[in-house]
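Colleague: please find the sequence and the predicted model below.
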Amino acid sequence: MPQTPAERSSAAKKANQTRKRRLAAKKAAETRKRMAMSKNDTRLGEAERVAEEQMRSPVAGASAQANDQQIARRGADRMQGLTDPLSLSASARARTTAQWATKMTLDAIAHATSGQGAGTKVHKKWQCIHFPGPNGGESRGIVDLLTIRRDHHTETEHLSRGDLFEMLLVQVKGGGAPLPPADDRRRLRAVQNYYRAKDVVLSSCLKGATEPTFYVLKPLLSDQEHLLPWRQAPAAEIFGRSRPPAAGDG
């Protein structure tokens, strides 16, 4: 049955009252939430104030400092455990030695062209390409480093200075490893001839040394090996100046 005007008016009043009650409940909930947040902020500020006073206390400051020192010692002990040769396996020691020798060699090459060392001048820097193996250790292949830069010495009818490149093949030995045997020298010469590299260089990094000792592989004389196939040379001589092509390069 259709509602009478009086019934419709009564229903509207009830709906309006219900809406007002819901609104009041929502406002009360928001008020309680704001009051709780305010109390939390007050407690947090008090906790921060107490902590700050404790930190200012000499006893607490000394305790915190001792704790920091203990943490630093534990970190140093872990680092020592990682770098101590006695704590590493044979493969890990070999990898660490190879990385150390390579870094020492790269530093010496850069220093030779910087003009900062005795008997050195500023020269065109070498671009060095390293061929590390898995996990940064040694890899297969006879050449450890390829150094290359523009050749500002050679100039021909069809080529200007800087068109060609100088290239050196470097083998790195670390930790007192022996000089390359005859078979390795044959392989190094074969790679040198294939790529027409200027020289084959050996970098020997001995334990306790501050810089590598460099050697240059001598060319063969009538296909005969020298009694002393390696010639020791300073880094400034090998890397610090442009040189004409080695004999036999064509």
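Modeller: Noted; the coordinates are in hand. Computed from a predicted model, the values in this text were never measured in an experiment. Residues are numbered from 1 along each chain as shown.
Colleague: distance of Phe214 from Ala94?
Modeller: 22 Å (Cβ to Cβ, to the nearest Å). The way it works is simple: take the backbone N, C-alpha and C, and place the C-beta from them, glycine included.
Colleague: higher neighbour count, these two?
Modeller: Phe214 (24 against 16; other Cβ atoms under 10 Å).
Colleague: let me know the distance separating the more buried one from Glu7.
Modeller: For Phe214 relative to Glu7 (Cβ to Cβ), the value is 109 Å.
Colleague: care to break the protein down by domain?
Modeller: 5-82, 90-239 (automatic domain parsing).
Colleague: need the winner for burial among those domains.
Modeller: Scoring these by mean neighbour count under mean count of other Cβ atoms under 10 Å gives domain 90-239 as the most buried, with a mean of 16.
Colleague: let me see the ranges of the strands in the chain.
Modeller: Here the chain has its strands, by DSSP state E, at 127-130, 145-150, 165-174, 199-205, 213-217, 230-232.
Colleague: let me see the mean pLDDT of the third one.
Modeller: Taken as a whole, strand 165-174 has a mean pLDDT of 94.
Colleague: other SSEs contacting that strand?
Modeller: Applying 3 or more Cβ pairs under 8 Å, 6 or more residues apart in numbering; DSSP states H and E, one finds that strand 165-174 contacts helix 90-112, strand 145-150, helix 182-195, strand 199-205.
Colleague: between it and helix 182-195, how big is the angle?
Modeller: Strand 165-174 runs at 160 degrees relative to helix 182-195, counting by axes from the mean of the first three to the mean of the last three Cα atoms, to 10 degrees.
Colleague: between strand 145-150 and strand 165-174, find me the angle.
Modeller: Following the same axes, to 10 degrees, one obtains 160 degrees for the angle between strand 165-174 and strand 145-150.
Colleague: quick one: closest of the helices and strands packed on strand 165-174 to Gly240.
Modeller: helix 90-112 (4.6 Å; Cβ to Cβ).
Colleague: circling back to that earlier point, turn the strands of the chain into JSON lines, columns for distance to Ala36.
Modeller: Formatted as JSON lines, the strands of the chain follow (distance: least, Cβ to Cβ, whole Å):
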{"stretch": "strand 127-130", "distance to Ala36": "62"}
{"stretch": "strand 145-150", "distance to Ala36": "68"}
{"stretch": "strand 165-174", "distance to Ala36": "67"}
{"stretch": "strand 199-205", "distance to Ala36": "68"}
{"stretch": "strand 213-217", "distance to Ala36": "75"}
{"stretch": "strand 230-232", "distance to Ala36": "81"}
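Colleague: flag the shaky bits of this structure, pLDDT-wise.
Modeller: 1-3, 37-88, 117-121, 137, 222-224, 241-250 (pLDDT under 70).
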